[in-house]
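# show me the folded form of this:
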Amino acid sequence: MKKTAHYPTMSIGALAVLALLVVAGCATEQPAAQKALAPYKFGAVLSLTGTNAFYGEFGKYGIDLAIEDLNNAGGINGRSVQVIYEDSAGDKGKAATATQKLIGVDAVDALFTITTPMGGAIAPIAEENKIPFIYASATNSFAEGKTYVFKDYPDASDQCELLMRQAMKDHTKIALFGTNAEFTQLCRKGAERAGTFQR
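Below you'll find the predicted structure:
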C-alpha cells in the first residue's frame with residue numbers, strides 16, 4: 001500500500017508571519033542595492049536527531065514547503081529566502097548554542113522552532129538580540145511581555161476545554177493528570193471552563 005506523507009500547514013503559516021516580521025524589522029537597515037542581492041536568512045533550530053526527531057523532521061518538511069512557495073512567488077521584496085538548519089537533538093543546551101551560532105556567525109534575520117523545551121531555550125536569546133522568533137508550543141509564557149518573541153500554536157486551555165466537553169458526553173468521572181508545568185495548569189483551566197472539576 002502506498003503511504004502518503006502529510007506535511008504540517010502550521011509551519012507554512014508561521015513562516016509567512018515570520019516573513020512579514022522580517023520585512024518590518026529590516027526595511028531600513030540596508031541600502032536598496034544590498035537588499036536586491038542578499039537573501040533573507042531564517043534560522044531553524046529543530047530536533048532532527050534523538051527521541052523527538054519526528055517533530056523536527058515534519059517541521060522541516062513544512063518549512064521547506066513554505067520557503068519554496070515564498071521563493072517561487074518572488075521572495076520577500078524581491079529578495080530570496082534561505083533557511084539554515086541547526087539540530088538541537090532535543091537538548092536545550094544545544095538549542096541555545098545553535099541559536100547563538102545562527103545569530104553571531106550566520107547573521108540570520110529571524111528564528112523558528114517547535115516544541116516547548118526548544119521554545120523556552122531560544123526565546124530569551126532571541127529577545128536579547130532583537131531577532132524575530134516564532135515558536136510552536138502551547139506554552140504562553142515565553143512570549144508574554146516580549147517584543148520579538150511570538151507563539152504560533154493553539155492555546156492549551158482551549159484544546160483541553162474542547163476535549164473535556166467531548167469526554168463529558170459519555171463519561172461522568174474524568175481524571176486529568178500531568179507534570180507541574182505551565183501546559184498542565186493551562187489544561188486544567190480549560191477543563192474547569194467545561195464543567196465541574198475537583199482537585
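# show me what counts as buried in the longest helix seen in the chain.
Assignment by DSSP state H gives helix 53-72 as the longest helix of the chain. Within helix 53-72, the residues that count as buried by 16 or more other C-beta atoms under 10 Å are 55-56, 58-67, 70. In this view, the C-beta of every residue, glycine as well, is placed from N, C-alpha and C.
# try stretch 95-108
Buried residues in stretch 95-108 (16+ other C-beta under 10 Å): 95, 96, 97, 98, 99, 102, 103, 108.
# ditto for stretch 184-199
Result for stretch 184-199 [16+ other C-beta under 10 Å]: buried residues 186, 187, 188, 189, 190, 191, 192, 194.
# I'd assumed residue 157 was in contact with the second one.
To tie it back to what came earlier, the one meant is residue 187. Yes: using C-beta atoms under 8 Å, residue 187 is in contact with residue 157, at 6.6 Å.
# tell me how this structure divides into domains.
Domain assignment of the chain by automatic domain parsing yields the ranges 9-151, 156-194.
# next, format those as JSON lines and append mean pLDDT.
Shown next, in JSON lines, are the domains of the chain (pLDDT from 0 to 100):
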{"stretch": "domain 9-151", "mean pLDDT": "85"}
{"stretch": "domain 156-194", "mean pLDDT": "84"}
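# report the distance from stretch 150-162 to the chain centre.
13 Å (C-alpha atoms, centre = their mean, to the nearest Å).
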